[in-house]
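**Student:** Structure for this input, please:
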Amino acid sequence: MPSVVHSFDPPERFVAGTVGEPGARTFFLQARAGRRLVSVALEKQQVSLLAERVDELLDEVTALAEGVVPAVAPFELDDNDPLDQPIEEEFRAGTMTLSWDPGDERIVIEVFPADDETVAFVTETAEGEQQIEVEEPEPDEVLIIRITPGQARAFAKRAQQVVSAGRPDCPFCGGPIDPAGHLCPRANGFKRRDP
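**Tutor:** The predicted structure is shown next:
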């Protein structure tokens, strides 16, 4: 079991947000309950994937149990406020797990720190075959969030808005376009500007 468990059941606020200008943004998951505030840094792709998976899980639950999960984020749960201050990074997110607790009818999100200390051992069996064993150390910290389906829909909606609020994508190569334009490989090196 991790030595530090940041548990919010449920949080007063759980959002994804950013600090910085498009192209140089740092993404955070932030949970707050009373005076307790936890901020975890993560990559843009992790935010996008988490939002997508939350919506998919809620859609699966909706198909199994009618009336438990709202189809869209409830209007009263919309949260467009900036991240709470001060933003002090607890850790950088690595592995995240997502599950549905049918007893409490809640989404459970667990966020573990990125760990560069995973070790792989290659051993040879008696038959001469190579066997790979992976040893992952126990994480020092974990963030555990338990939220209602409505809160989860609102989280996913905001997270998708935060991700899409960055630099626009090039219509030709899909890469981000900086305010000064970018060298598009599909345009043979000609500089494209934001339309």
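**Student:** CA only for contacts and neighbour counts going forward, please
**Tutor:** Will do.
**Student:** for the most centrally placed residue in the chain, phi and psi?
**Tutor:** The residue lying closest to the centre of the chain (Cα atoms, centre = their mean) is Val47, at 3.2 Å. The phi/psi pair for Val47 (degrees, to the nearest 10) reads phi -60, psi -50.
**Student:** Check it and give its pLDDT.
**Tutor:** On pLDDT, Val47 comes in at 96.
**Student:** Run a quick neighbour tally on the closest residue to it other than its chain neighbours.
**Tutor:** Leaving out its chain neighbours, the residue that sits closest to Val47 by Cα to Cα, 6 or more residues apart in numbering is Ala159, at 6.4 Å. For Ala159, the number of neighbouring residues by other Cα atoms under 10 Å comes to 25.
**Student:** Can you list phi and psi of Ala159 for me?
**Tutor:** phi -60, psi -40.
**Student:** List the contacts of the residue nearest to the centre of the chain.
**Tutor:** Listed by Cα atoms under 8 Å, 6 or more residues apart in numbering, the contact partners of Val47 are Ala16, Phe27, Ala159, Gln160, Val163.
**Student:** What sits closest to the second one if chain neighbours are left out?
**Tutor:** Nearest residue to Phe27, sequence neighbours excluded (Cα to Cα, 6+ apart): Thr18, at 4.5 Å.
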